[in-house]
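Predicted model follows, preceded by the sequence.
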Amino acid sequence: MITVHARVGGRVVEQPLALGEPLPPNTVWIDLLRPDEAERAHVGAVTGCDLPTREEMKEIEASSQLYTEGEAVYLTSSVIARADSPMPEQGEVTFVLTPRHMITVRFTEPRSVATFAARTIRQPELLASAEDALLGILDAVIDRVADVLELIGARIDGLSARIFTDSLNSGGLGGGGGGGGRAAKKPDELQDVLRGIGRAGDLTHKVRDSLAGLDRLVAFLSSVAAGRLTKEQKAALKTLTRDLRSLNEHAGFLAHEANFLLDATLGLINIEQNAIIKIFSVVSVALMPPTLIASAYGMNFHYMPELDWDFGYPMAILLMVLSAVVPLWYFRRRGWL
């Protein structure tokens, strides 16, 4: 699908472009969403650009993502889409800057593109030139990355509360509650926390990969297009560079937090498993003396002093109870229970 954005009479008009139709006058931004070969060839013919295919956009070499051909500058970077869904996507978007047009080629639908399109309706000056359009859509993409990082931060805060705050309030993992009981976390709850940490870590990884591509893109644009940018546009480009640097630092902090929560959750799982094993160990040790006594009086030898004694059975029961209680009392006194 081809959508063109043109400035007409001080406002921005958005309309589809059919195959064979010429570009409307004053077209600034041409957006290609999942274009087929015919649509790609048509836009290339009316703009004089050789637009990349989907396979070419996925190539990881820097020379295949950032390059110039004639007066056109080709910039490709991965962008996050559907970040707030259970299955976030990461797709490549190519920005082509020509003297008259800014072209976007994409096979995904990041929210930043729709946000920029809506913003141009309210602020037509964003499409004053192809350079302004490129800087504006890059600003929208970076703003969306910041929103995604805020979303990841909120998820990590929620997971941290589930791992630590809820555990302490419930009295588990150390007996911090006043009831004396030990409310251990359920296995499905811990599994849910691990899945949440995994999703947060995966999204953070995608964001960091996108930020790395955008950082290379902005640096390349600063070097090859400096001569065609105005003073205000150069200042806006420097602002984008500073924003990317700060977002990279924040993304690294969130990645560290996700790793910390992962280690903490695995540590809590290990503590819970050790607590269960300790209970079985204490029970086994406490039952060993009664078992020994019961085995001694169950050997069925004919000459045993207590077999004919009237109080033999109560004495054996009392010995077994005492032999079980004394180890438990000792463990309790030493603080092992």
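Nice, I can see it.

which ones are touching the closest residue to residue 139 other than its chain neighbours?
Distances taken as Cβ to Cβ, 6 or more residues apart in numbering put residue 240 closest to residue 139, at 6.4 Å, once the chain neighbours are dropped. Any C-beta I mention is one placed from the backbone N, CA and C, and that applies to glycine too. Shown in contact with residue 240 (Cβ atoms under 8 Å, 6 or more residues apart in numbering): 135, 138-139, 142, 218.

Where does residue 240 sit, in terms of helix or strand?
helix 231-296 (DSSP states H and E).

what angle sits between whichever helix or strand comes after that helix and helix 231-296?
Sequence order places helix 312-333 as the next helix or strand after helix 231-296, per DSSP H and E. Interaxial angle, helix 312-333 versus helix 231-296 (axes from the mean of the first three to the mean of the last three Cα atoms, to 10 degrees): 150 degrees.

got the contact list for helix 312-333?
Residues contacting helix 312-333 (Cβ under 8 Å, 6+ apart): 282, 285-287, 289-290, 292-294, 297, 306, 309, 337.

what's the spacing between residue 274 and residue 164?
Distance of residue 274 to residue 164, given as Cβ to Cβ, to the nearest Å: 18 Å.

So which of these two has more stuff around it?
Ranked by neighbour count (other Cβ atoms under 10 Å), residue 274 and residue 164 place residue 164 first, with 14 against 11.

Neighbours of the residue lying closest to the more buried one once chain neighbours are set aside, how many?
Among residues not flanking residue 164 along the chain, residue 264 sits closest, at 7.5 Å (Cβ to Cβ, 6+ apart). Residues near residue 264, counting by other Cβ under 10 Å, number 16.

Local confidence estimate at residue 264?
In this prediction, residue 264 carries a pLDDT score of 86.

Quick check: bridge partners of residue 81?
For residue 81, the beta-bridge partners under DSSP bridges are residue 89.

Contact partners for it?
Neighbouring residues of residue 81 by Cβ under 8 Å, 6+ apart: 88-91, 108-111.

on that earlier part again, any chance of the contacts of residue 240 in JSON lines, with neighbour count too?
Formatted as JSON lines, the contacts of residue 240 follow (neighbours: other Cβ atoms under 10 Å):
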{"residue": "135", "neighbour count": "24"}
{"residue": "138", "neighbour count": "24"}
{"residue": "139", "neighbour count": "19"}
{"residue": "142", "neighbour count": "20"}
{"residue": "218", "neighbour count": "21"}
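
Please identify which of those is nearest to residue 191.
Residue 191 lies nearest to residue 142 out of these, by Cβ to Cβ, at 35.2 Å.

And the closest one, its phi and psi?
phi -70, psi -40 (degrees, to the nearest 10).

Same question for residue 72.
Torsion angles at residue 72 (phi, psi; degrees, to the nearest 10) stand at phi -100, psi 140.

go on, the one 5 residues further on?
Residue 77 has phi and psi values of phi -150, psi 150 when expressed as degrees, to the nearest 10.

That one pairs with what?
Under the criterion used (DSSP bridges), residue 77 bridges to residue 93.

contacting residues for residue 28?
5-7, 100-102, 127-130, 133.

what's the spacing between the closest residue in space to residue 22 that isn't next to it in sequence and residue 91?
Spatial nearest neighbour of residue 22, chain neighbours left out: residue 46 (6.5 Å); criterion: Cβ to Cβ, 6+ apart. Counting by Cβ to Cβ, the gap from residue 46 to residue 91 is 25 Å.

go on, residue 283?
From residue 283 to residue 91 the distance is 57 Å (Cβ to Cβ).

tell me which element the residue nearest in space to the middle of the chain falls in.
Nearest residue to the geometric centre of the chain (Cα atoms, centre = their mean): residue 203, 2.3 Å. Residue 203 is located in helix 187-224, with elements delineated by DSSP H and E.

tilt between that helix and helix 231-296?
160 degrees.

Correct me if wrong: residue 132 contacts residue 126.
Yes: here residue 132 reaches residue 126: they are 6.0 Å apart, a contact under Cβ atoms under 8 Å.
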